[in-house]
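what's the 3D shape of this:
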Amino acid sequence: MSESEKAELDPLLKDYSEKRQMFRRNVISLAAELKDARARLTLKQESCARETLTRQVAEKKTRSMEDQIFQLHIKLEERNEQLKASGSNANRTGLCW
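The predicted model follows:
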């Protein structure tokens with residue numbers, strides 16, 4: 001190979017080497033970004049799972065409280081009827097308080 005051919009190839013090889021190094025840095029940078037994005041996604045998925053579980057627990061407690069309120073309402077109505085009947089019987093027998 002002549003000196004002029006070597007002189008022409010040297011800048012091309014240097015340019016190729018620089019571009020290859022830049023490509024490697026870009027790949028490394030993209031790999032790091034991908035790793036960070038995956039980590040953020042994992043955190044968001046975990047957070048979503050915790051929120052879902054918290055919501056399910058709250059909904060279960062709400063249903064339980066609604067059932068308790070319904071039962072208390074029934075007992076209150078029964079007690080109210082008993083008091084009305086008791087008051088009606090007291091009025092009939094002349095035993096007013």
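
Could you report the neighbour count for residue 20?
Neighbour count for residue 20, taken as other Cβ atoms under 10 Å: 10. C-beta: built from backbone N, CA, C; applies to glycine.

do the one 4 residues further on as well
For residue 24, the tally of surrounding residues (other Cβ under 10 Å) stands at 10.

secondary structure element for it?
With secondary structure defined by DSSP states H and E, residue 24 is part of helix 3-93.

Please point out which parts of stretch 52-63 sit buried.
With burial defined by 16 or more other Cβ atoms under 10 Å, not one residue of stretch 52-63 is counted as buried.

And residue 40, how far from residue 53?
Counting by Cβ to Cβ, to the nearest Å, the separation of residue 40 from residue 53 is 21 Å.

average pLDDT for the helix holding residue 24?
Throughout helix 3-93, pLDDT has a mean value of 92.

Return the distance of residue 76 relative to residue 85.
Applying Cβ to Cβ, the value for residue 76 to residue 85 is 15 Å.

cool, residue 29 as well?
Looking at residue 29 against residue 85, where the rule is Cβ to Cβ, the gap reads 84 Å.

again with residue 20
Counting by Cβ to Cβ, the separation of residue 20 from residue 85 is 97 Å.
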